[in-house]
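Chemist: please work out how this folds:
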Amino acid sequence: MDKTIIMSNVHVVSPQISVGDSTLEVVDEYNLGQNVHLGRSNFEREVNRRIQLGWAAFGKLKNVYSSDIPQCLKSKVFDQCMLPVMTYGSETWCLTMGLLNKLRIAQLTMQRAMLGIVSGQAT
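Modeler: Below you'll find the predicted structure:
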């Protein structure tokens, strides 16, 4: 008996599809700059990955955020460099309140670190 794969309400009898002389592999996940999961509405992994990438970018700009440049310039760097990294592809996400809160918490934590605020106290 052939194995049936169900993706996006389409039944595929075999894990490979032939088109002309090419054979295509059927997958349920692919990375197009963001992880695309066919047939799934759970975007938690992508939000977690974006937050992780945001922290990586934040770490690379640590010298900017800890420098003596005016706060307005630090905020511009944050808005231009950090937010796009964290929200890339978000127009394709189906966000829940929990995922929105995760993104907000990451953003606020980064902004507090940029201001030098740790545990609610100025350093």
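
Chemist: which parts of the chain belong to which domain?
Modeler: Structural domains of the chain, as assigned by automatic domain parsing, span the residue ranges 1-40, 41-116.

Chemist: pick out the shakiest of those, pLDDT-wise.
Modeler: Of all the domains of the chain, domain 1-40 carries the lowest average pLDDT, namely a mean of 56.

Chemist: in this protein, which spans are helices?
Modeler: Listed in chain order, the helices found in the chain under DSSP state H are 44-60, 62-65, 71-77, 83-87, 97-115.

Chemist: and these as a markdown table, adding mean neighbour count?
Modeler: C-betas here are computed from N, CA, C, even on glycine. Output for the helices of the chain, formatted as a markdown table (neighbours: other C-beta atoms under 10 Å):
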| stretch | mean neighbour count |
| --- | --- |
| helix 44-60 | 16 |
| helix 62-65 | 13 |
| helix 71-77 | 12 |
| helix 83-87 | 15 |
| helix 97-115 | 14 |
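
Chemist: and residue 48, what does it touch?
Modeler: residue 102 (C-beta atoms under 8 Å, 6 or more residues apart in numbering).

Chemist: and the gap between it and residue 91?
Modeler: 18 Å (C-beta to C-beta, to the nearest Å).

Chemist: count of residues packed around residue 23?
Modeler: 9 (other C-beta atoms under 10 Å).

Chemist: same check, this time on residue 78
Modeler: Counted with other C-beta under 10 Å, residue 78 comes out at 19.
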